[in-house]
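Visitor: predicted structure and sequence below. I'll ask about it afterward.
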Amino acid sequence: MNIPNQITISRILLIPFFILLLTIPFDWGNISIGERILPVSHLVAALLFIIASTTDWVDGYYARKYNLVTNLGKFLDPLADKLLVSAALVMLVELALAPAWIVIVIISREFAVTGLRLVAAGEGTVLAAGQMGKLKTWIQIVAISALLLHNFPFSFIGFPFATIALYAALIITVVSGVDYFVKNWHVMRDSK
């Protein structure tokens, strides 16, 4: 297994640690942010999430630079993104930091696209993520990070950046999902 794929797998392996930080009641104290309280465990989880998310750029850059793009990488990379983002979104609902309906829409899109990729794989075709899908992932990462940080530093000025970012992520997620299905409809049409 090449280095980019190992980096991708490391992203998947960080997910349980991220979840543990948000589920186990570590008493590391709190940070006051305006009128809100940010538990230190949420800050640490946000940093771990950001580090894990950054590996998405690292593995892609390394794979392209050294011509190490593989079908396994084309499959694992978007899967790792979906697992990380889905875990984070579910945890945000658990922590009452994101509405469940938005998370359901986003995760449903991810399952639908993964299903399309599986149909394509059954036909011997690998569907890589497009540019709009990559933009969608980065907007989701920004929104999740802002929510995990309880809208820091924007809470000091009363600007709801985290909420705006979450709605932007919802919109781009739906639009990119429709775009992905339109561009790859031939896979469904031609499947046996």
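Guide: Received the coordinates, thanks. Because the structure is predicted, anything quoted here is derived from the model rather than measured.

Visitor: C-alpha only now, for contacts and for neighbours.
Guide: Noted.

Visitor: what's the local residue count around residue 140?
Guide: 24 (other Cα atoms under 10 Å).

Visitor: gap between it and residue 81?
Guide: From residue 140 across to residue 81, the span is 10 Å (Cα to Cα, to the nearest Å).

Visitor: just checking the distance from the helix or strand bottoming out on mean pLDDT in the chain to the centre of its chain.
Guide: Within the chain, no helix or strand scores below helix 185-190, which has a mean of 81 by mean pLDDT, DSSP states H and E. The chain centre lies 26 Å from the centre of helix 185-190; the measure is Cα atoms, centre = their mean, to the nearest Å.

Visitor: so what touches that helix?
Guide: Residues outside helix 185-190 that contact it (Cα atoms under 8 Å, 6 or more residues apart in numbering): 116, 119-120.

Visitor: all strands of the chain, in order?
Guide: Under the criterion DSSP state E, strands of the chain are mapped to 30-33, 36-39.

Visitor: quick one: which of those strands is nearest residue 169?
Guide: Across the strands of the chain, the minimum distance to residue 169, taken as Cα to Cα, is reached by strand 36-39, at 22.6 Å.

Visitor: which secondary structure elements does the closest one contact?
Guide: In terms of contacts (3 or more Cα pairs under 8 Å, 6 or more residues apart in numbering; DSSP states H and E), strand 36-39 is packed against strand 30-33.

Visitor: what residues sit buried inside the strand it packs on?
Guide: For strand 30-33, a neighbour-count test (16 or more other Cα atoms under 10 Å) marks residue 33 as buried.

Visitor: helices or strands up against that strand?
Guide: Here strand 30-33 touches strand 36-39, going by 3+ Cα pairs under 8 Å, 6+ apart.

Visitor: give the pairing partners of the strand it packs on; include direction for each.
Guide: Strand pairing for strand 36-39, using DSSP bridges, gives strand 30-33 (antiparallel).

Visitor: from the chain's centroid, how far away is the strand it pairs with?
Guide: Averaging C-alpha positions (Cα atoms, centre = their mean) puts strand 30-33 26 Å from its chain's average.
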